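# Okay, predicted coordinates and the sequence, questions at the end:
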Amino acid sequence: MKKTLLLFLTVFMCATVAFSQTPPFYNATGGSSNAFPLSSTTSNKLQWITGPNQFATGGTGVGTNAYLGLIDTLWLMAGTTVSGAGPGPYVGLEVAFAQNQGTATSFANTTYVSGLTTCLAPAGPYSLGPTVSGQWYAIPLATPFLYNPALSLVIEVKQNGYTSGVGTQQNGAGARLYGSYTSTTGSTGAQMASMGISLASNLSCATPTNVNTTNIAQTSLTLGWTDNNTPAATTCQIEFGASGFTPTGNPQITTTNNPYNFTSLVQNTAYDFYVRA
């Protein structure tokens, strides 16, 4: 049976910086304050790598893991208190992500990972707002990043100058590369920032797979499929017709049932079925 990749996303962007909150998903809290990368003029480019399923509602391994979705906010835990306008204004601040390292939990060498997607790169100076040592602060992204929790995540934060910097809480349970703003190689360390993520969408429109038919009779059959959404899709749509027909994108059936029972089909006719969530 045929199936199509039909993916619809609605993204709600929010540019408000929130403070003194706990991220929806994070890895750890505490640790010690480190100047890299937001309070240093020499080690001001940093990449961290996290293994699969490192972000959860209660920290790594505690509560519910982050799902497949769009990261719209990066959270860091401040290592220092900066009042007033907060850390910044930063010049050349960039936040970028990649998931091109498989399931690695450490860097293969001292070369910075390339092929990242830049999700925040303000054209002018950028301030983070006031921070309090030991508390979370949010960095909203201009462009969300599609996150797959089954793969490792590389996070890069860099800046090229500031008036007031902020330390970052880091612990000894991870891997990082640090160096200068324009460098292509860095130094390795076994530190991981206390960081979190917010997800703008749980992608409750992932592609159904394993479309199959059972209970085939003269004029009826049962159509089933695997729902790949987390949480499960509330409805699915089915378009069908005689084998070889061209789908219109206007399904005849919207249902909450999986599997779905067809009746009143035409005897001795081959059918194609298209399912989307």
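That came through, no problem. Worth saying up front: this structure is predicted, and the values here are computed from it rather than measured.
# can you tell me which residues contact the closest residue in space to Val113 that isn't next to it in sequence?
Nearest residue to Val113, sequence neighbours excluded (CB to CB, 6 or more residues apart in numbering): Val154, at 4.9 Å. In this view, the C-beta of every residue, glycine as well, is placed from N, C-alpha and C. Going by CB atoms under 8 Å, 6 or more residues apart in numbering, Val154 touches Gln47, Trp48, Ile49, Phe97, Ala98, Gln99, Asn100, Gln101, Val113, Leu116.
# How about Thr255?
Thr235, Cys236, Gln237, Ile238.
# Show me which of these has the smallest pLDDT value.
Across the set of the contacts of Thr255, Thr235 stands lowest in pLDDT, at 84.
# how about that one, what does it touch?
Going by CB under 8 Å, 6+ apart, Thr235 touches Thr254, Thr255, Thr256, Ala277.
# Contact partners for Ser164?
Val82, Gly84, Ala85, Gly86, Pro87, Gly88.
# among those residues, who's most crowded?
Pro87 (26 neighbours; other CB atoms under 10 Å).
# Let me see the backbone angles for that one.
phi -60, psi 140 (degrees, to the nearest 10).
# Look up how far Trp225 lies from it.
49 Å (CB to CB, to the nearest Å).
# still on that earlier bit, ok, and the most crowded of the contacts of Thr255?
Most crowded among those, counting by other CB under 10 Å, is Cys236 at 21 neighbours.
# Can you tell me who that residue pairs with across the strands?
Thr255 (DSSP bridges).
# correct me, but it touches Pro208?
Yes: Cys236 is in contact with Pro208 according to CB atoms under 8 Å; the separation is 6.8 Å.
# okay, and the common contacts of the two?
Trp225, Asp227, Val275, Arg276, Ala277.
# The residues you listed: which two are farthest apart?
Asp227 and Arg276 (11.0 Å; CB to CB).
# Need the residues touching each of the two.
In contact with both Asp227 and Arg276: Pro208, Cys236, using CB under 8 Å, 6+ apart.
# neighbour count winner among those two?
Arg276 (22 against 19).
# Next, the more buried one: phi, psi?
Dihedral angles of Arg276 (phi, psi; degrees, to the nearest 10) stand at phi -140, psi 150.
# Is it correct that it is in contact with Cys236?
Yes: judged on CB under 8 Å, Arg276 makes contact with Cys236 at a distance of 6.8 Å.
# isn't Phe55 right up against Gly61?
No: look at Phe55 against Gly61 with CB under 8 Å: they stay out of range, at 10.5 Å.
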